[in-house]
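Asker: Next comes the sequence, and after it the predicted model I'd like to discuss.
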Amino acid sequence: MITPMMMKIDFSSLRDVGRRPTGLLITLFINWLVKPFSMAILALAFFRVVFAHLITSGEADQYIAGCIILAAAPCTAMVFVWSHLTSGDPAYTLVQVSVNDLIMLVVFVPIVQFLVHGASSLTVPFDVLLTSVITFIVVPLLLGIVARFILLRHGGSDWFERVLLPKFAPVTILALLATLVLIFAFQADNIVGRFFHVILIAIPITLQVYLNAGLAYGLMKWLKVEHSVAAPGALIGASNFFELAVATAIALFGPDSGAALATVVGVLVEVPVMLSVCTACNRTRHWFPSAQESTA
């Protein structure tokens, strides 16, 4: 699922970052300076205070850790889908994804370690986090880069963009569906057996999505970024790389852990909530300047 998406990423597009930096800077601010920390605060508030009488201290630790892992991994694969649904600028979306992936390679591990250790009594082994990053980011990214380079040399840019990549779209969707089916199949007992807890976990995760999407979108409007950049930027700041989050939580704490359940709840929340954000972005298109008027 991830590798075909990575094939779309053109790191040569990073040369154009300086031309319209505002949208990218807002996205990076939300993803790395707001989102993980706001999720940690919300998770602490709900699981340590609001829901304290409904769950045990150990469960609270697990749910907080899972929420933090989820929020520390900004979306990569699904961003292109959300961008398409809001008529986003595909070239700029590529820039945003490329920069986020490069940053995630470096900061995902220390952010997760710092926040999980600070917000709970759990410890997070560095080597397990590093293995997750290599498996779910580095390997697909390298495969995508190599495949893109070979295929561009073989068939040229026009064939690659107009013929080959569209053929991968069904593969990506089928792989996404298969991933979701496997996740829910393996977590079925966890979800059904703790359904009330699923609802509890969904509340701070949902609030976090709307909080970060609204903040990013509001900053984009305030700074007069065009809508084709503002909408994908808000969606990137709100959505999560749930494949990485689920795999990391399972590797760290086990498939039946509360942390794994929290990341799976993130998957349950992701699609309907993000579709609602897409709808809101599309209905407020008139709030934003045109490309010619934008100063981004």
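Answerer: The structure has been received and is ready for your questions.
Asker: Using the three-state scheme, assign residue 255.
Answerer: Here residue 255 is recorded as coil under DSSP: H, G, I helix; E, B strand; the rest coil.
Asker: residues touching it, list them.
Answerer: When contacts are counted by Cβ atoms under 8 Å, 6 or more residues apart in numbering, residue 255 touches 186-187, 190. In short, each C-beta sits where N, CA and C put it, glycine included.
Asker: Quick check: mean pLDDT of the longest helix anywhere in the chain?
Answerer: When the chain is parsed with DSSP state H, its longest helix is helix 90-119. Taken as a whole, helix 90-119 carries a mean pLDDT of 86.
Asker: Pull out the buried residues from the helix or strand in which residue 80 is found.
Answerer: Assigned by DSSP states H and E, residue 80 belongs to helix 79-85. The neighbour-count check on helix 79-85 (16 or more other Cβ atoms under 10 Å) flags 79-83, 85 as buried.
Asker: and if you look at stretch 49-67?
Answerer: Buried-residue list, stretch 49-67, by 16+ other Cβ under 10 Å: 51, 55, 59-67.
Asker: Also stretch 175-191?
Answerer: Neighbour counts using 16+ other Cβ under 10 Å place 175-176, 179-180, 183, 187, 190-191 of stretch 175-191 among the buried residues.
Asker: do stretch 81-100 as well
Answerer: 81-83, 85-86, 88-89, 92-100.
Asker: What is the nearest of those to residue 152?
Answerer: When the buried residues of stretch 81-100 are compared for distance to residue 152 (Cβ to Cβ), residue 94 wins out at 14.5 Å.
Asker: how far away is the closest one from residue 203?
Answerer: 34 Å (Cβ to Cβ, to the nearest Å).
Asker: Also residue 29?
Answerer: Taking Cβ to Cβ, one finds residue 29 at 25 Å from residue 203.
Asker: ok so, going back, show me what the longest helix of the chain is packed against.
Answerer: helix 21-29, helix 35-44, helix 57-71, helix 79-85, helix 126-133, helix 227-238 (3 or more Cβ pairs under 8 Å, 6 or more residues apart in numbering; DSSP states H and E).
Asker: tell me which residues in the first one are buried?
Answerer: It refers to helix 21-29. Result for helix 21-29 [16+ other Cβ under 10 Å]: buried residues 22-28.
Asker: These into CSV, with extra columns for pLDDT and distance to residue 168?
Answerer: Output for those, formatted as CSV (pLDDT from 0 to 100; distance: Cβ to Cβ, whole Å):
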residue, pLDDT, distance to residue 168
22, 89, 31
23, 88, 27
24, 89, 26
25, 92, 31
26, 92, 30
27, 90, 25
28, 91, 28
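Asker: Relative to residue 270, which of those residues is nearest.
Answerer: Closest approach between those and residue 270, by Cβ to Cβ: residue 27, at 17.9 Å.
Asker: Please work out which residues outside stretch 261-280 touch it.
Answerer: So stretch 261-280 is contacted by 62-63, 65-67, 69-70, 78, 82, 85-86, 180, 183-184, 187, 190-191, 194, 197-198, 201-202, 205-206, 209-210, 213, 231, 234-235, 238-240, 242, 245-246, 248-249 (Cβ under 8 Å, 6+ apart).
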